[in-house]
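Q: sequence plus predicted model, see below.
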Amino acid sequence: EAAVTQSPRNKVAVTGGKVTLSCNQTNNHNNMYWYRQDTGHGLRLIHYSYGAGSTEKGDIPDGYKASRPSQENFSLILELATPSQTSVYFCASGDGWGPVAETLYFGSGTRLTVL
Amino acid sequence: TQTVSQSDAHVTVFEGDSVELRCNYSYGGSIYLSWYIQHHGHGLQFLLKYYSGNPVVQGVNGFEAEFSKSDSSFHLRKASVHWSDSAVYFCAVKTGYQNFYFGKGTSLTVIP
């Protein structure tokens, strides 16, 4: 019944390699987000989307691309992975926008290690 | 840019104790506040939110939070904690059409 599903759960990549993290939501929410979580930093926003075909840069977009081919799917792409991108990545969908109170629904996360 | 401060990185209490997890923010405009809980190895889950109206809001599992404009705070409270409340708690702030900003989290340990 999980409404936001991320894959893979764990990923080991080599420096310079390409990594794609996938996210699927069945909430029919327009808004989707990619965050990374690092000790001492909390959650930081990488990219987000308002709907199919749209992607926007968040607070730390450098080294990442995003793709939203459909309402349900939102991918995070690391074209040239670096060890500094080792982290836990969370995808979320949101049920509102603007001044309307919004609730985020998170996936279980992807733990990425770049060697 | 607004900031969210959770002053306690770690809080340890005994089962049955009350607990307050602090959240302070810096922003002067219309603001939307929420709390999320993260159990080990899982994603964040929504607990409660405040946008307007009664400054004391109720959430799931007996949690409540109180908004104070004068103190720029949105502290989370629970009257009697259970061992299953052990988790990391995140305060989040959203203003207008901006995105969420999360605090660094408070790790709550409840000793049975």
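A: Thanks, I have it.
Q: give the contact list for the residue nearest to A:Gln71 when sequence neighbours are not counted.
A: By the measure of C-beta to C-beta, 6 or more residues apart in numbering or on different chains, the closest residue to A:Gln71 outside its immediate chain neighbours is A:Ala52, 5.3 Å from it. For glycine as for every other residue, the C-beta is placed from the backbone atoms N, C-alpha and C. Under the criterion of C-beta atoms under 8 Å, 6 or more residues apart in numbering or on different chains, the contact list for A:Ala52 reads A:68-71.
Q: next, the buried residues of stretch B:50-59.
A: Burial within stretch B:50-59, assessed by neighbour count using 16 or more other C-beta atoms under 10 Å in any protein chain shown, is assigned to B:50-51, B:57, B:59.
Q: that one close to chain A?
A: Yes: under the criterion of C-beta under 8 Å from any C-beta of the partner chain, stretch B:50-59 makes contact with chain A via B:Tyr51.
Q: now that stretch: average pLDDT?
A: Stretch B:50-59 carries an average pLDDT of 92.
Q: give me the distance between the two termini of it.
A: Between the opening and closing residues of stretch B:50-59 we find a distance of 10 Å, counting by C-alpha to C-alpha, to the nearest Å.
Q: tell me which two in the buried residues of stretch B:50-59 are the farthest apart.
A: The largest separation in the buried residues of stretch B:50-59, counting by C-beta to C-beta, is between B:Tyr51 and B:Gly59 at 13.9 Å.
Q: regarding whatever residue of chain B ends up closest to chain A, what is its secondary structure?
A: Nearest residue of chain B to chain A, counting by C-beta to the nearest C-beta: B:Gly43, 3.4 Å away. Recorded secondary structure, B:Gly43: coil (DSSP: H, G, I helix; E, B strand; the rest coil).
Q: I'd say it and A:Thr110 touch.
A: No: using C-beta atoms under 8 Å as the test, B:Gly43 is too far from A:Thr110 to be in contact (10.3 Å).
Q: joint contacts of these two?
A: Residues touching both B:Gly43 and A:Thr110 (C-beta under 8 Å, 6+ apart) are A:Phe90.
Q: what number of residues lie near A:Tyr89?
A: When neighbours are counted by other C-beta atoms under 10 Å in any protein chain shown, A:Tyr89 registers 23.
Q: typed the wrong thing, it's B:Ser70
A: 5.
Q: on the three-state scheme, it is what?
A: Under three-state DSSP, B:Ser70 falls in the coil class.
Q: quick check, pLDDT for it.
A: Reported pLDDT for B:Ser70: 91.
Q: just give the nearest non-adjacent residue to residue 45, would you?
A: In the absence of a named chain, this looks at chain A. In this structure, A:Leu45 finds its nearest non-sequential neighbour in A:Gly58, 3.3 Å apart by C-beta to C-beta, 6+ apart.
Q: I was after chain B.
A: Ranked by C-beta to C-beta, 6+ apart and with sequence neighbours excluded, the top spatial neighbour of B:Gln45 is B:Ile37, at 5.4 Å.
Q: wait, that neighbour sits on B:Tyr89?
A: Yes: with contact defined as C-beta under 8 Å, B:Ile37 counts as touching B:Tyr89 (5.6 Å).
Q: which residues are in contact with A:Gln71?
A: If you count contacts by C-beta under 8 Å, 6+ apart, A:Gln71 has them with A:28, A:30, A:51-52.
Q: ok, now with 7 Å
A: A:28, A:51-52 (C-beta atoms under 7 Å, 6 or more residues apart in numbering or on different chains).
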